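Participant: fold the following for me, if possible:
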Amino acid sequence: MYAYIRSVALRPGRSPATGAVATIGGVSEDVPLLDDLMPWAVGGLRLGRDWVAAPDPATLRARWAALTATEGAERERLFRPSRSRTPAAGAAALPGQRSAATARFADEPGPCPDPVRVLRDPFDEQWLLPDQRLIDMARPELWRVRDEHQLFVVETPAPSLLVTAHLPAGRLGRIRPLHRRPGGAEPNLAPGLLPLLGERYGGWATPEDVLCWILAAGRPGPRGYEVPLTADPGRWRAGLELGHRLLTVRLRGARGGEAPRLPGGRRPYVRSAVVAWPREVTYEAESETLGFGGGTVSPVPAGAWEYEVQGVRVLEAWFAARGAHREPDADGLEALGPVEWPQSWTSELLALVTTLALLADLAPERAAFEPGPALSVGELRTAGVLPPPGWARRPASVLDHQEEGPGGQFALL
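Facilitator: Residues are numbered from 1 along each chain as shown. You can find the predicted model right below:
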């Protein structure tokens, strides 16, 4: 489980008597917080039942078919009711999922909705049934701004943020969309920040530029995730270059981009095919070989194998998620899954190894990056950028069509 450390509500400032940087417990308050630079944040989705997400879409369709083939008490058992969701309760269609049913599941399940790609765990892209009748807390405000232009920043206690083009759907942390409206029409940034940065650095700054800078210069601190802004245009350009490389690796070819690759001779390949379901995953450091189910992949750099989030190796967690339906305690719909190891998972594994290896290679450069002379919180306050107005912390009104509510009624928002 991944916990989220919420930023302590301390406002940066300077002593009115001396103009000196205010500190609390010796910690400088003159560094802006991510919570102020990207004001709108939403809590993570709460699924309520694990069977609505899976590493492959075929499993979700099989689970839907198994559930809808039952009735009465057996359907109730497989559904796994909670206080928020039961088969007898209706719910509105999720924004962007216009074909979704809204009648009570017990009366009319409807056709299986097309599974959508989500970020289930750090670096683990899975699939989700986009039916709000099945999800305890689906966060419709995030679905309204989910499109091909959107990026989601997830604030975790890990040393760096998670960034994904897919909707985060797990116990990951607070979610900050890069844009407040569909089509990238309005950035989720403190109003006035982009014009100020453009003026200071001698050119127009984009929302993605700010995100790249956050990835390069941001660090977790005692007050929350801190993002020092530089007063030096040269350091700004250096940070953008580093941040762009970090963002490219993290997006893993999403949004039509080219998937990152390791240099020739260092790219992982399948040396022997999987012949049985992997009971465990092994790593041989000397030959840089990853072994699973009789299959092997190499070269797998040590940095990829050792890459951790919250003290958990990402590769081990990835394998564990794909074998969860075979665990002895798996029951009901959670026990439905592939009988044989899908070949597509091996392809996903190669891409994941590449991502982790590249991030491990970039880690020393990111750790050594210095933003240079600071653009202080006082200057941001003088410019009217901080503190952000209250409306910037709330969702924008983005409805361009009526949304269907429970039982076919239009939702009133």
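Participant: from now on I want contacts and neighbour counts done on CA atoms only, so please keep to that.
Facilitator: Fine.
Participant: ok, Val210 to Gly239 distance?
Facilitator: Applying C-alpha to C-alpha, to the nearest Å, the value for Val210 to Gly239 is 10 Å.
Participant: how about the secondary structure of Val163?
Facilitator: Secondary structure assignment for Val163 (DSSP: H, G, I helix; E, B strand; the rest coil): strand.
Participant: so for the helix or strand containing Ala351, what gets flagged as buried?
Facilitator: Using DSSP states H and E, Ala351 maps to helix 343-368. Within helix 343-368, the residues scored as buried using 16 or more other C-alpha atoms under 10 Å are 346, 349-360, 363, 366.
Participant: ok, stretch 234-252 next?
Facilitator: For stretch 234-252, by 16+ other C-alpha under 10 Å, it's 235-236, 238-240, 242-252.
Participant: can you tell me the closest non-neighbouring residue to Val163?
Facilitator: Val153 (4.6 Å; C-alpha to C-alpha, 6 or more residues apart in numbering).
Participant: what packs against the strand or helix carrying the one you found?
Facilitator: Take DSSP H and E as the rule and Val153 turns out to sit in strand 152-155. Secondary-structure packing of strand 152-155 (3 or more C-alpha pairs under 8 Å, 6 or more residues apart in numbering; DSSP states H and E): strand 162-164, strand 167-168, strand 174-177.
Participant: each with direction, which strands does it pair with?
Facilitator: Strand pairing for strand 152-155, using DSSP bridges, gives strand 162-164 (antiparallel), strand 174-177 (antiparallel).
Participant: need the contact partners of the last one.
Facilitator: Yep, that's strand 174-177 we're talking about. Contact with strand 174-177 is made by 4, 38-44, 142, 150-156, 168, 188, as judged by C-alpha atoms under 8 Å, 6 or more residues apart in numbering.
Participant: one more time with 7 Å, if that's ok
Facilitator: 38, 40-44, 150-155, 188 (C-alpha atoms under 7 Å, 6 or more residues apart in numbering).
Participant: dump the strand holding Val153 to PDB, keeping only the CA atoms.
Facilitator: What follows is strand 152-155 as a C-alpha-only set of coordinates in PDB (Å, rounded to 0.1, in the frame of the first residue of the first chain):
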ATOM      1  CA  PHE A 152      -1.500  13.300 -14.500                       C
ATOM      2  CA  VAL A 153       1.100  14.000 -11.800                       C
ATOM      3  CA  VAL A 154       0.800  11.700  -8.800                       C
ATOM      4  CA  GLU A 155       2.400  13.000  -5.500                       C
END
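Participant: what's next to that strand, contact-wise?
Facilitator: Strand 152-155 is contacted by residues 161-165, 167, 172-178 when judged by C-alpha under 7 Å, 6+ apart.
Participant: kindly recompute the last result at 10 Å.
Facilitator: Strand 152-155 is contacted by residues 3-6, 34-35, 38, 41-44, 122, 142, 146, 160-168, 172-179, 211, 215, 220, 224-225 when judged by C-alpha atoms under 10 Å, 6 or more residues apart in numbering.
Participant: what's the ChimeraX line that selects buried ones from the residues you listed?
Facilitator: Command for ChimeraX that selects the buried part of those, burial taken from 16+ other C-alpha under 10 Å:
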select :4,5,34,35,38,41,42,43,44,122,142,146,160,161,162,163,164,165,166,167,168,172,173,174,175,176,177,178,179,211,215,220,224,225
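Participant: what's the burial count for Leu315?
Facilitator: Neighbour count of Leu315, defined by other C-alpha atoms under 10 Å: 21.
Participant: wait, Pro109
Facilitator: What Pro109 shows, counting by other C-alpha under 10 Å, is a neighbour count of 17.
Participant: can you check Val227 too?
Facilitator: Neighbour count of Val227, defined by other C-alpha under 10 Å: 23.
Participant: for the nearest residue to Gly291 once chain neighbours are set aside, list the residues it contacts.
Facilitator: In this structure, Gly291 finds its nearest non-sequential neighbour in Thr282, 5.0 Å apart by C-alpha to C-alpha, 6+ apart. Contact partners of Thr282, counting by C-alpha under 10 Å, 6+ apart, are 289-293, 296, 305, 316.
Participant: Glu141 falls within a strand, correct?
Facilitator: No: Glu141 is assigned helix when assessed by three-state DSSP, not a strand.
Participant: the residue nearest to Gly291 in helix, strand or coil?
Facilitator: Secondary structure, three-state DSSP: Thr282 is strand.
Participant: could you check the pLDDT of it?
Facilitator: Reading off the confidence values, Thr282 has pLDDT 97.
Participant: picking that back up, chain center to the helix holding Ala351: distance?
Facilitator: 16 Å (C-alpha atoms, centre = their mean, to the nearest Å).
Participant: and that helix, average pLDDT?
Facilitator: Helix 343-368 carries an average pLDDT of 97.
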